[in-house]
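Undergrad: Predicted model follows, preceded by the sequence.
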Amino acid sequence: MFILGNLLIAIAKVLNIALSIYMWLIIIRALISWVNPDPYNPIVRFLVSATEPVLYPIRKRLPLFGGIDFSPLVAILAIIFIQTFLVQSLMQLGMSLR
């Protein structure tokens, strides 16, 4: 059973790192949106294409408050929830199987 425990711990760590990287991509995109970026810049295009699949559904359901887009904040809160709930649960389950 220790192999399954180690597998779950490894999955939890990789998932935690991936979620942290994605959270930073969302933060960088939100910061860049304040300065009117060049839409043809490859970095801007990458940030938009990487974050838009998550932000667009949130933006569709969440109304604008005074012209401010709160979808990055909601996405970051969802990532923190997933990190706290799912990743920690996988870690504890993996530790108990060791």
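TA: Received the coordinates, thanks.

Undergrad: When you work out contacts or count neighbours from here on, use the C-alpha atoms and nothing else.
TA: Noted.

Undergrad: For this protein, which helix extends over the most residues?
TA: Criterion DSSP state H: the longest helix present in the chain is helix 2-32.

Undergrad: Which neighbouring elements make contact with that one?
TA: On a contact count with 3 or more CA pairs under 8 Å, 6 or more residues apart in numbering; DSSP states H and E, helix 2-32 meets helix 42-61, helix 71-82, helix 88-97.

Undergrad: So which bits of it are buried?
TA: Neighbour counts over helix 2-32 (16 or more other CA atoms under 10 Å) mark 5-6, 8-9, 11-13, 15-16, 19-20, 22-23, 25-27, 29-30 as buried.

Undergrad: do the same with stretch 50-57
TA: 51, 55.

Undergrad: again with stretch 77-85
TA: Across stretch 77-85, burial judged by 16+ other CA under 10 Å covers 79-80, 82-83.

Undergrad: Let me know which of the helices and strands packed on helix 2-32 is the nearest to residue 35.
TA: Distance to residue 35, taken as CA to CA, is lowest for helix 42-61 among the helices and strands packed on helix 2-32, at 11.6 Å.

Undergrad: what's the closest non-adjacent residue to residue 83?
TA: residue 16 (6.2 Å; CA to CA, 6 or more residues apart in numbering).

Undergrad: ignore the last one, residue 38
TA: Excluding its sequence neighbours, the residue lying closest to residue 38 (CA to CA, 6+ apart) is residue 44, at 7.2 Å.
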